[in-house]
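# Whatever this is, show me its structure:
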Amino acid sequence: MNRSAMRENAFKLIYSLEIQKPEKIQEQIDLFFESNEIKEEETIKYISDVILGINKNEEQILKDIEKNLKEEWKLNRISKMDLSILKLAIYEIKYNDIPYKVAINEAVELAKKYGEDKSKNFVNGILASIVKDM
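Residues are numbered from 1 along each chain as shown. This next block holds a predicted model:
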């Protein structure tokens with residue numbers, strides 16, 4: 001599985017966790033691998049790292065998003081889809097040493113595929129602001 005496919009699977013799991021809000025995240029990760037027949041060690045390692053890393057750093061990631069929203073916007077106004085994409089990209093940029101251009105480009109592609117019409121511009125704008133502040 002290539003990195004884009006791994007990233008897309010990680011996004012799907014982030015989105016699923018965003019909706020379910022489970023107490024036992026590792027259980028959900030294992031269930032995701034099983035139900036999607038993911039057996040490649042590199043893929044399992046990448047997705048697990050992303051999910052557990054986002055969980056560990058979620059408070060800071062959400063602060064980064066909130067800080068870069070327009071004044072009249074609040075976190076709860078962002079669609080779960082866009083929020084999941086942003087969490088993934090911010091984690092990759094800030095905690096996983098993925099070049100920000102790659103992370104932003106991949107996030108915009110996910111937004112085009114899964115988000116609403118305005119999602120790609122919204123995601124791109126938030127991520128560009130975060131990178132500028134770094």
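# What helix or strand is the most centrally placed residue in the chain located in?
Closest residue to the average C-alpha location of the chain: L88 at 2.0 Å, with Cα atoms, centre = their mean. When secondary structure is defined using DSSP states H and E, the element that contains L88 is helix 80-95.
# measure K112 to K120 for me?
As defined by Cβ to Cβ, to the nearest Å, K112 lies at a distance of 5 Å from K120. (Glycine included, C-beta is placed from N, CA and C.)
# L13 contacts I25, doesn't it?
No - no contact is recorded between L13 and I25 when judged using Cβ atoms under 8 Å, the distance being 9.7 Å.
# just checking, what packs against the helix or strand harbouring I51?
When secondary structure is defined by DSSP H and E, I51 falls within helix 41-67. The contact analysis (3 or more Cβ pairs under 8 Å, 6 or more residues apart in numbering; DSSP states H and E) places helix 41-67 against helix 3-20, helix 25-35, helix 80-95, helix 119-133.
# which residues do L13 and I25 both contact?
With contacts taken as Cβ atoms under 8 Å, 6 or more residues apart in numbering, L13 and I25 have I51 as neighbours in common.
# Count the neighbours of the closest residue to Y15 other than its chain neighbours for me.
Closest residue to Y15 in three dimensions, ignoring its sequence neighbours and counting by Cβ to Cβ, 6 or more residues apart in numbering: S84, at 4.1 Å. Other residues lying near S84 total 25 when counted by other Cβ atoms under 10 Å.
# So S84 sits against A10, correct?
No - S84 is beyond contact range of A10, at 9.4 Å (criterion: Cβ under 8 Å).
# could I have the helix holding L88 exported to PDB, CA atoms only?
Only the C-alpha atoms of helix 80-95 are listed here, as PDB (Å, rounded to 0.1, in the frame of the first residue of the first chain):
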ATOM      1  CA  LYS A  80     -16.400  15.900  11.200                       C
ATOM      2  CA  MET A  81     -15.000  15.100   7.700                       C
ATOM      3  CA  ASP A  82     -12.900  18.400   7.500                       C
ATOM      4  CA  LEU A  83     -11.900  18.100  11.200                       C
ATOM      5  CA  SER A  84     -10.600  14.600  10.600                       C
ATOM      6  CA  ILE A  85      -8.600  15.700   7.600                       C
ATOM      7  CA  LEU A  86      -7.100  18.700   9.500                       C
ATOM      8  CA  LYS A  87      -6.200  16.500  12.500                       C
ATOM      9  CA  LEU A  88      -4.300  14.100  10.200                       C
ATOM     10  CA  ALA A  89      -2.500  16.800   8.300                       C
ATOM     11  CA  ILE A  90      -1.500  18.800  11.400                       C
ATOM     12  CA  TYR A  91      -0.300  15.700  13.100                       C
ATOM     13  CA  GLU A  92       1.900  14.800  10.100                       C
ATOM     14  CA  ILE A  93       3.300  18.400   9.900                       C
ATOM     15  CA  LYS A  94       3.900  19.100  13.500                       C
ATOM     16  CA  TYR A  95       4.700  15.600  15.000                       C
END
